[in-house]
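Student: sequence and computational prediction follow.
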Amino acid sequence: MLDDAQHHPRGKNGRAPNVFRAGAWTPMREYQPTEEVDFAIVGTGAGGGTLACRLAEKGFKVVAFDAGAWWRPLEEFASDETHQEKLFWTDERICDGDNPLKLGNNNSGKAVGGSTVHFAMVSLRFRPEWFKSRSLLGYGADWPLTWQEMWRYYAEVEDALKISGPVNYPWGPKRRRYPYRAHELNAAALVLARGAEALGIPWAPTPLATLSAPRGEAHPCVYRGFCVSGCATNAKQSALVTWIPRAVAAGAEIRDLAMVGRIKTSEAGRAIGVEYFREGRWQFQRARHVVVAGYAIETPRLLLMSANSRYPDGLANSSGLVGKNLMVQSNQATWGVMDEEIRWYKGPPSLALTEHWNYTDKGKDFFGGYCYMSQGPLPNAWVATQNGRGLWGHALEAEMQKYNHQAGLKIVGETMPQERNRVTLAAEMDQYGLPIARVTYSLCDNDKRLIAHSLDFMGQALNAAGASEVWNENDDTCHLNGTARMGDDPRSSVVNADCRSWDIPNLWICDGSVFPTVGGVNPSLTIQAIACRTADRIEALAARGEL
Amino acid sequence: MSATTRRATMLVGLAVGAAGLAAVLAQKRAGPSSRSIAPRGEIETHIVAARAFNRSSALLALSVLTDSGIEHYRGSFANKAMFTPLVTSTLSLAAGLHGSADSGPRRHQARHAIYLGAAAAGTAGTGFHLYNVLKRPGGWSWNNLFYAAPIGAPMALLLSGALGAVAERLRDEPAVEPQLLGMAAGRALGLLAAAGLIGTAGEVALMHFRGSYQNPVMYAPVTIVPVASALLAHAALAAPRERWVTRAWLRITAALGFVGMGFHARGIARNQGGWRNWTQNILNGPPLPAPPSFSALALAGLAALRLRETEK
Amino acid sequence: MTSIPVTRYPGYDVLSKRDTPSWDAATRSVIDERLATPRDPAFLNAVEWRALTALCACVIPQRSEAQPVPIAALVDAKLAKNRGDGYRDARLLPLRDAWRTGLAALDEECRARFELPFASLDAAPQIALLEAMQRGELQCGAWNGMPSSLFFTERVLHDVCGAYYSHPHAWSEIGFGGPANPRGYVRMNFNRRDPWEASEASPGREEQARKENKNAR
């Protein structure tokens, strides 16, 4: 059965699925629950998967947990949007605030490999100034990291994922050439290029974590277009086919279908291990260190759920900031109809982009930046966009007939950290008996001004590219960050630059929750770079006996 | 790789290897083919060289016919001019096969005309491809050099025509001190073959760069071939004498063309869906017919070398 | 009101590619299961079912002569499985409750105006009522505080349109390439199609498109 992975754990009995060969297995080390491993990592996505790999490769004993299934992409990823919703987090969450979020395919995965199993593979570096947004650009907060050290880790991740990117990248400081060449552009991407050239701004093929040439046993992209529904080709370099196999080969254990419900602490207030639900019962794994990497909703949820008599407000929460400063990225779009056939379903969804408005500060009446990319939504995703426009009936059907002539531009836009945007615990319980998350989100004026600017500009770009019937999609967001921010002051942050929580020295947070600002680029590359840095820092601290 | 895919790949590899071996062995025989008109041993050296160039021209034409056929099909023959290389390369192939069996000491008018036509088509094709690159968003850019019409491909047709035309002209020359293009014929042939080799190596460098040199063996054609070209050019320009290093290097280059074809077959097989997905992988995967163009040029180089070695 | 648009891709059927390299075993089993969705409701009761069927016909009008997509059955199957979207607007009820409440409220609003349930109305008043729901103007007690506009966008449009566009007939209708594994696409530029893609019957080439679509595999 195609959903077998959701019912029977595969990471057990000393073996793990070999995702590169149908039905094959690879040996995996197993630790006893009573054995105190070095690191128990909650979540195996861009943060947890990367960290599990790097720590195991440095010789630490690592067990990583994921609530999701361990998929075999080659055999179990059908070419069907609806069926592939099995990759998303479909447990209930409640959304409120002025702009209640829509979760699922834009921001929440549930699988070994986390959201990278369904992400759109866009792999961009932060603009260097963003690491000092407050000091240099006058908004948000400063990161306790420098762009120079992040540059080195960005290169490490880009090489690990064999990012396929342009030979010359138009923005930011010089970087090493991307390991693989960029992909061929589809017509939807050429529309972006046309529009950019007409308006006189630079554009580039998007650096993507999907292969343009063979790599080991992974196949290069066949341009099937189902990327955000899961890559059956293994061209997409998700954590599932990169960090996780490396982690297993280096001696880490991955426990799939294992929902961590609580981090336990000792009398002295240190973390001692995690309580997790697997194969029908609650179990406990002892660990010297616990890393939370469940992404920006599950991470604060777990920290809050682990409240006890010593930490009544949740773990690592002396600042009161766990769950607060939730940031999404605005994901508004402009759409239009072209005379030519576009057939945007061919190829990855975002083959071309421009970061012009990330690196230009003049002409803005807002803080922050945005990039925009070409698009290629499949039928279900596209009809959802039309529904958001309010279309149904004959009008909808007439619109849908234009499917093969559509082109669009969509932003990844920076939003401001606001403490009122937060993740809290609701009264309702989920299937594990745990309180579900309430996600409260409202845009601020700055966010709205950025959105307005982007829609106006993209409209011009689309018109300049020859589109007609141009309209704005006004209501969409993507990604999640900020709910356990890093900083250099325990009063205003949850973790330090090493992702180590101020309150509990053996409790770490290593995922998108630690971002103090969110920038105008997709977060995955930055999350993985932070994880690589954290692993190096842990190794250095261990060598000095400061672990 | 499935069992069927493995079997298919092995068959293709064996066929390619056999063809390559046959080609190299044919060159090792100093004498003319069994279909020659004159009795064995009495064919003049320059005619032998001419026939070898006809043969190489034919091999190049076959490569162009298959490669442009596949690639222009991929381009949906959107511009009717895209049929041109198929027509001219077929004619060039026929002319080459005919010429390779012809020991006649005079240029063949029809063959010569066909060869000039092929060279013209190759030149025009380069112009068309350049236009295709420049007209896309980004213009002269890496992405367009990778994915728009391949800028160096029509040169193979130009070379097929050039090698054949030169072969016809050579037949008109006397057996003693034949001249071509104002210089000793062996020198002219050697320089032409060397130019062809370096040009083709450039096109491969671009395409293997697009493939990110993901397999170290992809460096072979961009290292071995330029050395062959340099050795051959040197042999052509310097005083004639026996050049066994150049000869060996050209033989390696000739074999490399067929070995490359085998690797390209492997590349197709190891893509998603393998041979079963041939309707995509033959079009998208590494181009099967392209590597033998090296063999054609290296074989021509060997013939030029042989002629050069007899000169003063 | 305009009529149901004719497809631009006459004769194109993604199902005809079932045994080509565009479909793999996983996809075949998923689509087979979807096509075998039982026509009778597994979750809703008879009254709710009637209302849902009429509702689906308004949101996605289909020609009666062609093989219609069993949209209501697909929505009902989703409710029977009860797998959520992974989030819920705080003002919305959970999936099953939302639908039960919404369908009951719709019939209630209808009876209040016309003394008939929704399914018994003609198309025009049905559409008018749904437009009112979309604008949030339906507020009788049966809604239990759930805003009708939210129910309309987040449940009705989301689930009904999602069901329709998860069916291969809908993909063929809009000329979508359909399943694509292991075979993806080769020609990605403007106005280019691979032989296994849909051919558009633009004015003047209807016959050629039909022929190409018959051979699309």
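Tutor: The structure has been received and is ready for your questions. None of these values were measured; they are calculated from a predicted model.

Student: now the residue nearest in space to the middle of chain C: how far from C:Leu157?
Tutor: Central residue of chain C (Cα atoms, centre = their mean): C:Tyr164, 2.1 Å from the mean position. Distance from C:Tyr164 to C:Leu157, counting by Cβ to Cβ, to the nearest Å: 11 Å. Placement of C-beta: from N, CA and C, glycine included.

Student: what residues are bridge-paired with A:Pro435?
Tutor: A:Met429 (DSSP bridges).

Student: show the pLDDT at it.
Tutor: A:Pro435 is assigned a pLDDT of 97 by the prediction.

Student: not counting its neighbours along the chain, what's nearest A:Asn105?
Tutor: Of all residues not flanking A:Asn105 in the chain, A:Phe88 sits nearest, at 5.6 Å (Cβ to Cβ, 6 or more residues apart in numbering or on different chains).

Student: next up, the contacts around the one you found.
Tutor: A:Gly104, A:Asn105, A:Ser108, A:Gly109, A:Lys110, A:His118, C:Gly86 (Cβ atoms under 8 Å, 6 or more residues apart in numbering or on different chains).

Student: tell me the SS of the second one?
Tutor: Using DSSP: H, G, I helix; E, B strand; the rest coil as the criterion, the local structure at A:Asn105 reads coil.

Student: tell me the contacts of it?
Tutor: A:Asn105 touches A:Glu85, A:Phe88, A:His118, A:Val228, A:Ala381, counting by Cβ under 8 Å, 6+ apart.

Student: same check, this time on C:Leu79
Tutor: Neighbour list for C:Leu79: C:Phe43, C:Leu44, C:Leu95, C:Arg96, C:Trp99 [criterion: Cβ under 8 Å, 6+ apart].

Student: same thing with A:Leu257?
Tutor: By Cβ under 8 Å, 6+ apart, the residues touching A:Leu257 are A:Gln6, A:His7, A:His8, A:Pro9, A:Asp66, A:Ala67, A:Gly68, A:Ala69, A:Trp70, A:Arg278, A:Glu279.

Student: repeat for C:Val69
Tutor: C:Ile60, C:Gln62, C:Ala163, C:Tyr164, C:His167, C:His169, C:Ala170.

Student: what sits closest to the third one if chain neighbours are left out?
Tutor: Nearest residue to C:Ala163, sequence neighbours excluded (Cβ to Cβ, 6+ apart): C:Leu74, at 3.7 Å.

Student: where's that neighbour, which helix or strand?
Tutor: Under the criterion of DSSP states H and E, C:Leu74 resides in helix C:71-81.

Student: any of the contacts of A:Leu257 buried? List them.
Tutor: Buried subset of those (neighbour count, 16 or more other Cβ atoms under 10 Å in any protein chain shown): A:Gln6, A:Pro9, A:Asp66, A:Ala67, A:Gly68, A:Ala69, A:Trp70, A:Arg278.

Student: tabulate the residues you listed (TSV), appending secondary structure and pLDDT.
Tutor: Below are these laid out as TSV (DSSP: H, G, I helix; E, B strand; the rest coil; pLDDT from 0 to 100):
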residue	secondary structure	pLDDT
A:Gln6	helix	96
A:Pro9	coil	98
A:Asp66	coil	98
A:Ala67	coil	97
A:Gly68	coil	97
A:Ala69	strand	98
A:Trp70	coil	98
A:Arg278	strand	98
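
Student: now, which of those residues sits nearest chain B?
Tutor: A:Trp70 (21.4 Å; Cβ to the nearest Cβ).

Student: so how far is A:Ala16 from the closest one?
Tutor: 7 Å.

Student: could you check the pLDDT of residue 132?
Tutor: Just so you know, I chose chain A. 98.

Student: I was thinking of chain B, sorry if that wasn't clear
Tutor: Note on B:Asn132: pLDDT of 97.
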